[in-house]
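**Student:** need coordinates for the below:
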Amino acid sequence: MAKKVSANGKTKKRTIGIILAAGKGTRMITDLPKVLHEVCGRPMLAFVIDSCRAAGIEHLYIIVGYGKEHVMREFKDASDITWVEQKEQKGTGHAVMCCQPYLKKFDGDCVILCGDGPLIRTETLKELLAKHHHEKSSATLATSILDDPTGYGRIVRDSYGNLQGIVEHSDCTAEQKRIQEVNPSYYCFDWKDLDWALGKITPSNVKKEYYLTDALSVLIQSGKKAIAITAVPPQDVLSINSRHQLAEVSKVMQSRIQDDLMNHGVTIVDPSNTWIDARAYIGQDTVINPFTYIHGRVKIGRNCRVGPFAYLRDGTVLEDDVVLGVFIEVKNSHFGSGTRARHHSYIGDAKVGKQVHIGAGTIFANYDGKTIHETQVGDLSFIGSGATLIAPIEVANDSHIEPGSVIRSEGKESSAKVKKTTSKKPGKSGASQKR
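**Tutor:** Predicted coordinates for the structure are as follows:
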């Protein structure tokens, strides 16, 4: 692979990424590959992939093993991923060795990360890459300082602060275990140097595995430049090896999602009792009330009110000034601006127009036992309390459905009472009127 030419005409090393994602997750007691367990609605591996892309890493080599078909299927549409199989789990160094046949002609830098660390930030990767390029290092690490470093490899430095190597926790002496600077596995290597060093390592450790950290030691001992920068916030170090850690990481990620929304003008009345998917979008001046659960690709416009006890599912779109109240479930439906559904309703697979009133206890019956059907409700319609709309059905603009009605499509038996209204379209103040 040739070097990349930057805008100023200077050559710049290409950067690829290697993500270690072959583990089974034995401690999680699961049949699902560990990296596919969800954090705030997305597989944990997706967060690592996104951070790499946002940091400018142009191609990813993802190491898979257990359940590889499931992992590859989840990201099958990605054109910037090459899947590499690690048939036997022989350590992190061995995992990277599996990429060697794919990178024989590559001359550039390589970022190596773990797929079970979804809290990684794009900013941290950018800092790692910038330092690596500025220092022209053979290897650069991003490290962290932890109050409790148990379980992590320790960063060993000399009296001048120069990096001397990394010692895995299981191989640490009593003195080394007191070191608080740890290796959260954020690496950047010159690939040619790493490729050479991998050929020098042996499984001479407690676990009898090939450690990537041993390749780092080889580079240092051969006189190559290796540096470590303390760039990883302690909270970001959390990786996932158990169900408890999955819950802990999900809580941190949820806090980030909500912080970002609140920083962009969204009111979340009770953050600790609200759950919002990482893929959701919420517009300015919208209010999310307690015990609201937003899952999947949900888009909410400006000046909306949602909840309490609302459940919004994948594919739902709310235009501006929509109100969804208590005990509402909405699935894959589009609501026009000014529409209200305040109480105890299920709306599934529907296109609801502007300034529609949906009364308490309304059901959009979208599934007949075999097929999911769509309901369409025109602008300025009124649906009385307790009504049931049996899809497929289309309700015209300005329709009035009386409370308790059961509406079926034309030509089928119906107990519906539907009439056209002659109401004048309300203005903006009317659209926002409480009803």
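**Student:** please enumerate the helices of the stretch 51-200 of the chain.
**Tutor:** 68-74, 92-97, 122-135, 191-198 (DSSP state H, counting those that start in this stretch).
**Student:** so which of these is nearest D270?
**Tutor:** Across these, D270 has its closest neighbour in helix 122-135 (28.9 Å, Cβ to Cβ). In short, each C-beta sits where N, CA and C put it, glycine included.
**Student:** for T388, list the residues it contacts.
**Tutor:** Residues counted as contacts of T388 (Cβ atoms under 8 Å, 6 or more residues apart in numbering) are T362, I363, A365, S405, V406, I407.
**Student:** er, I288 actually
**Tutor:** For I288, the contact set (Cβ under 8 Å, 6+ apart) comprises V266, T267, I268, V269, T274, I276, I282, I294, V306, G307.
**Student:** what's the residue lying closest to it once chain neighbours are set aside sitting at in phi/psi?
**Tutor:** The shortest distance from I288 to any non-neighbouring residue, by Cβ to Cβ, 6 or more residues apart in numbering, is to I268 (4.9 Å). Backbone dihedrals for I268, given as degrees, to the nearest 10, come out at phi -120, psi 110.
**Student:** hmm, back to that, give me the subset of the contacts of T388 that lies in strands.
**Tutor:** Judged by DSSP state E, these include I363, A365, V406, I407 as members of strands.
**Student:** distance of I16 relative to G56?
**Tutor:** I16 sits at a distance of 11 Å from G56 (criterion: Cβ to Cβ, to the nearest Å).
**Student:** and these two? Which one has more around it.
**Tutor:** I16 (23 against 11; other Cβ atoms under 10 Å).
**Student:** which other helices and strands does the helix or strand encompassing the more buried one contact?
**Tutor:** Assignment of secondary structure by DSSP states H and E places I16 within strand 14-21. Secondary-structure packing of strand 14-21 (3 or more Cβ pairs under 8 Å, 6 or more residues apart in numbering; DSSP states H and E): helix 44-54, strand 59-64, helix 92-97, strand 108-114.
**Student:** out of the helices of the stretch 51-200 of the chain, which comes closest to P234?
**Tutor:** P234 lies closest to helix 122-135 among these, at 12.3 Å (Cβ to Cβ).
**Student:** now the angle from the closest one to strand 108-114?
**Tutor:** Relative orientation of helix 122-135 and strand 108-114, computed by axes from the mean of the first three to the mean of the last three Cα atoms, to 10 degrees: 150 degrees.
**Student:** returning to what we had before: who wins for neighbours among the ones in strands among the contacts of T388?
**Tutor:** With neighbours taken as other Cβ under 10 Å, the top of the ones in strands among the contacts of T388 is I407, carrying 23 neighbours.
**Student:** ok, what's across the strand from that one?
**Tutor:** I407 has these beta-bridge partners by DSSP bridges: L389.
**Student:** where does the residue nearest to G117 when sequence neighbours are not counted sit: helix, strand or coil?
**Tutor:** Closest residue to G117 apart from its sequence neighbours, by Cβ to Cβ, 6+ apart: S239 at 4.5 Å. Three-state assignment for S239 (DSSP: H, G, I helix; E, B strand; the rest coil): coil.
**Student:** contact partners for S239?
**Tutor:** When contacts are counted by Cβ under 8 Å, 6+ apart, S239 touches C114, D116, G117, P184, Q245, V249.
**Student:** rerun at 10 Å
**Tutor:** 44, 114-120, 151-152, 184-185, 245, 249 (Cβ atoms under 10 Å, 6 or more residues apart in numbering).
**Student:** for the nearest residue to H94 once chain neighbours are set aside, give its distance to H343.
**Tutor:** Leaving aside its chain neighbours, H94 sits nearest to Y210 (4.2 Å; criterion: Cβ to Cβ, 6+ apart). Taking Cβ to Cβ as the criterion, Y210 is separated from H343 by 61 Å.
**Student:** these two: which has the busier surroundings?
**Tutor:** A direct count of neighbours by other Cβ under 10 Å for Y210 and H343 places Y210 higher, at 21 against 16.
**Student:** is the more buried one in contact with V218, as I believe?
**Tutor:** No: using Cβ atoms under 10 Å, Y210 is not in contact with V218, being 11.7 Å away.
**Student:** so what sits against both of the two?
**Tutor:** Common contacts of Y210 and V218, defined by Cβ under 10 Å, 6+ apart, comprise L198, I201.
**Student:** if V156 is in a bridge, with which residues?
**Tutor:** With DSSP bridges as the rule, V156 is bridged to G165.
**Student:** tally of neighbours for it?
**Tutor:** V156 has 17 nearby residues by other Cβ under 10 Å.
**Student:** how about V182?
**Tutor:** There are 23 residues near V182, going by other Cβ under 10 Å.
**Student:** now it. Nearest residue, chain neighbours left out?
**Tutor:** Leaving aside its chain neighbours, V182 sits nearest to Y152 (3.7 Å; criterion: Cβ to Cβ, 6+ apart).
**Student:** surely the one you found and Q176 touch.
**Tutor:** No: contact criterion Cβ under 10 Å: Y152 and Q176 do not qualify, at 11.4 Å.
**Student:** the more surrounded of the two?
**Tutor:** The neighbour comparison of Y152 against Q176 (other Cβ under 10 Å) goes to Y152, with 23 against 15.
**Student:** tell me who's in contact with that one.
**Tutor:** Y152 neighbours (Cβ under 10 Å, 6+ apart): 143-144, 146, 166, 168-169, 172, 179-185, 237, 239.
**Student:** cool, and G315?
**Tutor:** G296, R297, V298, K299, V330, K331, N332, S333, H334, G348, D349.
**Student:** closest to K225 out of those residues?
**Tutor:** R297 (44.9 Å).
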